[in-house]
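Engineer: predicted model follows, preceded by the sequence.
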Amino acid sequence: MSSIIQKTAYYLLPRSLRRFITKTMVGAERSSSDPREATKWLLGIYDYVNYEIDAQCKRWGDGVHIKHEVMDGIHSFFYNRIEKNSSVLDLGCGYGALAHAIAVHSDARVLAIDFDSKQIEFGKQRFPHPNIQFIVGDVFKDIPEIGAVDVVILSSVLEHLKNRPEFLKDLTSRFKPKKFLIRVPTFERHLQAALKKELGLFPYTDDTHELEYSKDIFYAEMKQADLEVKHFEIRWADIWAECVPIK
């Protein structure tokens with residue numbers, strides 16, 4: 001309770017005073033006798049600030065992260081590569097913002113699955129569409145046997161999983177997709193990742209990530225999964241790719 005009171009009291013201060021306190025606190029690390037320890041401390045502040053920025057961006061979007069509005073191409077990369085009236089399997093759909101964009105712009109039938117029941121319920125309320133079926137489930141074991149689909153979407157999903165090539169092979173075998181549309185984070189998105197690795201800290205942007213990619217790692221993993229990379233780009237520090245099964 002005391003930390004909540006302290007935080008509330010801090011925000012009741014004038015903005016100029018809050019900035020002065022923060023700047024003084026952060027700047028004090030410059031005089032540290034050990035620059036490595038000072039860097040560790042500042043990286044902790046950096047992570048906390050990023051967490052708070054994400055929280056405020058969700059408040060800004062009334063529960064939906066504002067990135068869906070301000071990041072150019074975050075949805076169009078996908079729906080521009082999906083033919084009209086396609087069948088789409090969106091795995092790890094979150095609250096369904098992307099599934100909704102695909103349904104609206106491609107007239108696609110989308111089966112959207114995520115393990116987080118709260119996100120699925122939110123998606124049903126915020127992004128209703130007759131072409132979207134939301135399902136709560138584990139992408140490894142709870143995808144219904146729906147037969148062949150045209151497209152499998154994996155947006156910010158693979159980095160959370162182990163045994164990714166085997167997972168992709170299984171999806172190809174079960175659903176016979178014409179293509180996979182994939183988005184994954186890059187490791188080399190900023191200096192902070194390299195600094196954390198050098199300092200023995202967890203280097204990734206999310207503590208549930210198994211890895212973050214380079215171009216070489218991505219291509220090697222797709223080859224292991226028997227997928228050919230038809231399109232590859234780096235946008236917003238993420239890899240965006242269209243991959244097709246090798247016949």
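Structural biologist: Thanks, I have it.

Engineer: which stretches of this structure form strands?
Structural biologist: 87-91, 109-114, 132-136, 151-155, 179-185, 227-235, 238-245 (DSSP state E).

Engineer: other residues contacting the first one?
Structural biologist: Right, strand 87-91. Outside of strand 87-91, the residues within contact range by C-beta atoms under 8 Å, 6 or more residues apart in numbering are 82, 96, 98-99, 102, 106, 108-113, 139, 143, 146, 148-155, 157, 175, 177. (Glycine included, C-beta is placed from N, CA and C.)

Engineer: and Lys230, what is it in contact with?
Structural biologist: Lys179, Glu242, Cys243, Val244.

Engineer: now do it, the pLDDT please.
Structural biologist: At Lys230, the pLDDT value in this model is 98.

Engineer: ok, now Pro14?
Structural biologist: At Pro14, pLDDT is 76.

Engineer: okay, now it: neighbour count?
Structural biologist: Neighbour count of Pro14, defined by other C-beta atoms under 10 Å: 8.

Engineer: and it, how far from Arg59?
Structural biologist: 22 Å (C-beta to C-beta, to the nearest Å).

Engineer: quick check, Arg109 in contact with Asn131.
Structural biologist: Yes: using C-beta atoms under 8 Å, Arg109 makes contact with Asn131 at a distance of 5.1 Å.

Engineer: residues shared between the contacts of those two?
Structural biologist: Ala103.

Engineer: of the contacts of Lys230, which is the most crowded?
Structural biologist: Cys243 (24 neighbours).

Engineer: what residues sit buried inside stretch 133-150?
Structural biologist: Neighbour counts using 16 or more other C-beta atoms under 10 Å place Phe134, Val139, Ile143, Val149, Asp150 of stretch 133-150 among the buried residues.

Engineer: need those residues in JSON lines with distance to Ser87 and pLDDT, can you?
Structural biologist: Formatted as JSON lines, the buried residues of stretch 133-150 follow (distance: C-beta to C-beta, whole Å; pLDDT from 0 to 100):
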{"residue": "Phe134", "distance to Ser87": "16", "pLDDT": "97"}
{"residue": "Val139", "distance to Ser87": "17", "pLDDT": "89"}
{"residue": "Ile143", "distance to Ser87": "13", "pLDDT": "90"}
{"residue": "Val149", "distance to Ser87": "5", "pLDDT": "97"}
{"residue": "Asp150", "distance to Ser87": "5", "pLDDT": "98"}
